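Novice: sequence isn't available, so here's the structure alone:
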């Protein structure tokens, strides 16, 4: 799958409709859109419905966050969930460690957590 850098867009919520219209109206519109959060997901779904775009036939949709109502949409939404509880526990542990060490300099580290892909109808095309 080719990723087009011009299609990676960060935009204020009030300008999302204009961005979606430009993307889907381009000469080579994307065949799939990954919405980075609940707000973008909601605006994208609203736009696609308004424009009578069929999910996933016209454009496949994947939402990050695994919004609680993903299974209640038609079609059901493919989502990527973050292990937020595990992330919160690690963050709290690091914070408590830093406090107990009386705010001594702490080495910067990166922690990686494994997301979970929930494949549902919004990203599947029946042949």
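Specialist: Nice, thanks for sending it over. Every value quoted in this text rests on a predicted model; they were computed, and no experiment measured them.
Novice: tell me where the longest helix sits in this protein.
Specialist: helix 84-100 (DSSP state H).
Novice: which parts of this structure are helices?
Specialist: 16-24, 38-50, 84-100.
Novice: residues contacting stretch 38-53, please?
Specialist: 13, 16-17, 20-21, 24, 33, 35, 55, 58-59, 61, 63-65, 67, 73, 77 (CB atoms under 8 Å, 6 or more residues apart in numbering). For the C-beta atoms, the positions are set from N, CA and C on the backbone; glycine is no exception.
Novice: contacts only, for residue 61.
Specialist: Contacts of residue 61 (CB under 8 Å, 6+ apart): 32, 33, 35, 41, 44, 45, 48, 55, 77, 78, 122, 123.
Novice: which one is it nearest to, not counting chain neighbours?
Specialist: Leaving aside its sequence neighbours, residue 61 sits nearest to residue 122 (CB to CB, 6 or more residues apart in numbering; 4.4 Å).
Novice: so that neighbour touches residue 58, yeah?
Specialist: No. Using CB atoms under 8 Å, residue 122 is not in contact with residue 58, being 11.5 Å away.
Novice: more crowded one of the two?
Specialist: residue 122 (24 against 13; other CB atoms under 10 Å).
Novice: mind checking how far that one is from residue 108?
Specialist: 37 Å (CB to CB, to the nearest Å).
Novice: any weak-confidence spans in this structure?
Specialist: For the chain, the stretches flagged by pLDDT under 70 are 1, 6, 102-106, 126-127.
Novice: mind running it again at 50?
Specialist: Judged against pLDDT under 50, the chain has no low-scoring part.
Novice: hmm, who's touching stretch 77-85?
Specialist: So stretch 77-85 is contacted by 41, 60-67, 70-71, 113-124 (CB under 8 Å, 6+ apart).
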